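Chemist: I would like to see how this sequence folds:
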Amino acid sequence: MQTLEEKVRLLRAYNDSLLDEDEELAEAESVTNEGLEINLPPERAVNNESIIMRRRRPVLAIRNGQAELMFQDQSDVGIWKQRLEEASGVLGRAIAAVGRIELTGHPDFSWVGTGWLVHERYLATNRHVAEEFAQRGVAGFEFQTGLDGEMEVSIDLLQEIGREDKQIFRIHGVSYIEERPGLDLAFLEVEQIAGEIATPIRLSTSPAAPTPLVATIGYPAFDSRIPEPDLMEQIYGNVYDKKRLAPGAITAVDERRVLHNCTTLGGNSGSAVIDLRSGEALGLHFSGSFLRTNYAVRGNLVKERLDALLNGTIGERPAVRRRSTPRSRASQVAITPPPARSGAVGGSTSITIPLVVTVSLGEAAPAAVTGRSLALPARPDFADEDDNRIETEAKAKPEDYDDREGYAPEFLGEEFAVDLPEVKKARGDVLTFVSGEHELKYEHFSVVMNKRRRMCFFSACNSDGARSKGSQRSTWRYDPRVPEDLQIMKECYGNPPKFSRGHMTRREDPAWGNSASEVQRGSDDSMHVTNATPQMQSFNSPIWLALEDYALQNAREADQKISVFTGPYFQKNDPTMYGVRIPIEFWKVIVFVHDETGELCATGYEMTQEDNLEQPEFVFGDFVSPQLNMSTQVAISTIEAKAGISFGDLADFDPLAQEGVEDPRFPLLYPEQIRFI
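Modeler: Presented below is the predicted three-dimensional model:
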């Protein structure tokens, strides 16, 4: 199990990689304040697909099939010139296979994004690009109706700066669009391409690793959503819509994505992320966040889908569709092809069928806080990985909960009483019982339910670190006091790509007491689905998981007690997936008596899973949250306003209330950054 120190070290290493992932070639000037701006921007930075670093990530013109090695910043010469010269052969082949997707008859766009040849018959691009002109019909995918009938789609493999000739191939139709929440991937079928006009780009067969030697090839478009238009103009020289090469680095890799910092704009959706050494595609770019990171579908996953398409396991071979207006002969053949290129990539094709394997590793040891030491759970409950373990024993009865006392306002002491929060907005959505009460009481915690969303508004827990003990993990269960149709047991929950049941009150937080039965009851009660919300399994930031434990280290040593309130933000734009509206953001408030000051301390935090959700994207890019699964300390007053709840006068005890700025926010890379005083 990784220790907290190891997790902190990894987070810091990741942060350092964004600042300078190629230290030996960096110029003497160091990235200091600028680096902090890059890596720790305000959490409400405008979301854009995007420029990631202000410097050291040039964008180069492509002329006559080659990148033009002219750099505005002379420091880029030492970093990139030799690398790109050495990679000119592999880049030349890749550049020839990347094109701009052109539309005829679309009401809004004349072109819609980037695509590239992955096979002599198939082109790869993003799902959100293909959805601008294609849709699923009764007999398969078909082109949408345009201004004068069915839209016509083609790809131009040139569209370079200063070049007038074209190299256009007709797109017959769409062979595959992966459904949400799967990969942002589509395959388009192009006319058979003969000879050496363009060699398909070879896809990586294994997951990419962090490397400073990659480049994207695509078609950046002017993007009015970039918050610094002067920076955009400085980088692009006010020339857009043409083929560009942008070198950079892969900074991290997760289960489905490659994170990279090559400079992009809207229009780069569908760009290839190319390894400068092998020429292989390590990713299919699809989105980004301004001054934070860009994202690509992992290249080896694109290959898996392509192999399955060729094998007939997925997708369909679209029939040549009747066109409302016949295309000219010139648009169906290559016009002015570039010189033939040698070194075509060959080799065998392996057939890979997508397969999900679930392996049970047994129960993890529970987290414990002993004395002043901090221990993280080996398997965090915040995003529970074991979604299919559902209650099988006899169902409980409402009277079985008569002895539950729930959240105790005076848990921290009479002079430090903290009442249960009050829902101020959407009061009509509060689940109220015949008795007039709305508090679901459990062992050491309580829940207030939103009957419309079928999840809790919040969960409020008292946690006693001094009496915390290990417990056995039980199964998920209904609460018999709540109608089952107001609880979510399955629907959106299951193995990937479905969601996990994410605890609001952590399982270990109420697992304390004077007897083993009391400890186990607290753990078991946390396994009610009333205490869960849908969360992606990768939504498990070490900082978010460690907040309670770190607060216990700073709580009054005599009793080590904290009270924790956790809930989702219910927002109008929350996406509906698997029939359930999925919360994108979550909040937490932790209250304790500070060991040094002896005074009440209350701190607030936010976390988003938007980076883990592939939302419906804009045509020129998917603009996701800039928070990169980073926990952020925020003002309690901000949480109150955004969540529509009231903590009474608790905001007065928030250290951020003294910051003197509106909506103060502090991204957290490690717990020591938390402001308790």
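Chemist: and the residue lying closest to Gln159 once chain neighbours are set aside, helix, strand or coil?
Modeler: Spatial nearest neighbour of Gln159, chain neighbours left out: Arg100 (4.7 Å); criterion: C-beta to C-beta, 6 or more residues apart in numbering. Every C-beta, even on glycine, is put in place using the N, C-alpha and C of the backbone. Secondary structure, DSSP: H, G, I helix; E, B strand; the rest coil: Arg100 is strand.
Chemist: do I have it right that Arg100 meets Pro220?
Modeler: No. At 10.8 Å, Arg100 does not count as touching Pro220 under the criterion of C-beta atoms under 8 Å.
Chemist: buried sites along stretch 83-94?
Modeler: For stretch 83-94, a neighbour-count test (16 or more other C-beta atoms under 10 Å) marks Arg83, Leu84, Ala87, Val90, Leu91, Gly92, Arg93, Ala94 as buried.
Chemist: max pairwise distance over these: which two?
Modeler: Farthest pair in those (C-beta to C-beta) is Arg83 and Arg93. Separation: 16.8 Å.
Chemist: in the sheet, who's paired with the residue nearest to Gln159?
Modeler: Thr114, Asp156 (DSSP bridges).
Chemist: now do Met455
Modeler: Applying DSSP bridges to Met455, the residues it is bridged with are Asn450.
Chemist: contact partners for it?
Modeler: Met449, Ile488, Ala532, Thr533, Pro568, Pro583 (C-beta atoms under 8 Å, 6 or more residues apart in numbering).
Chemist: and the last one, that one's in a helix?
Modeler: So that's Pro583. No. Read with three-state DSSP, Pro583 is coil and lies in no helix.
Chemist: on that earlier part again, so what's the residue nearest to Gln159 up against?
Modeler: Contacts of Arg100 by C-beta under 8 Å, 6+ apart are Trp111, Gly113, Thr114, Gly115, Ile155, Asp156, Gln159, Tyr219, Asp241, Lys243.
Chemist: mind putting the contacts of Met455 into CSV with distance to Arg256, pLDDT and neighbour count?
Modeler: As requested, the contacts of Met455 are exported to CSV (distance: C-beta to C-beta, whole Å; pLDDT from 0 to 100; neighbours: other C-beta atoms under 10 Å):
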residue, distance to Arg256, pLDDT, neighbour count
Met449, 33, 97, 24
Ile488, 24, 96, 22
Ala532, 23, 96, 27
Thr533, 22, 96, 26
Pro568, 23, 97, 25
Pro583, 21, 94, 21
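Chemist: which one of these sits closest to Glu178?
Modeler: Pro583 (23.9 Å).
Chemist: so who does the closest one touch?
Modeler: Applying C-beta under 8 Å, 6+ apart, the residues near Pro583 are Met455, Thr533, Pro534, Pro568, Tyr569, Phe570, Gln571, Asp574.
Chemist: among the residues you listed, which are located in strands?
Modeler: Those of the contacts of Pro583 mapping onto strands are Met455, Thr533, Pro534, Pro568, per DSSP state E.
Chemist: spatially, which two of those residues are the most separated?
Modeler: Farthest pair in these, by C-beta to C-beta: Pro534 and Pro568, 9.1 Å.
Chemist: can you get me a residue count around Glu414?
Modeler: Number of residues near Glu414 (other C-beta atoms under 10 Å) recorded here: 7.
Chemist: thinking again about what came up before, kindly reformat the contacts of Met455 as TSV containing distance to Asp165.
Modeler: Listed next are the contacts of Met455 as TSV, based on distance: C-beta to C-beta, whole Å:
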residue	distance to Asp165
Met449	65
Ile488	57
Ala532	59
Thr533	55
Pro568	54
Pro583	51
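Chemist: out of those residues, which one sits closest to Lys166?
Modeler: Looking across the contacts of Met455 and measuring by C-beta to C-beta, the closest to Lys166 is Pro583, at 47.2 Å.
Chemist: for Asp419, what are phi and psi?
Modeler: phi -70, psi 160 (degrees, to the nearest 10).
Chemist: isn't it right up against Tyr407?
Modeler: No. The criterion here is C-beta under 8 Å, and Asp419 misses it with Tyr407 at 9.4 Å.
Chemist: more neighbours, the two?
Modeler: Per other C-beta under 10 Å, whichever of Asp419 and Tyr407 has more neighbours is Tyr407, with 26 against 14.
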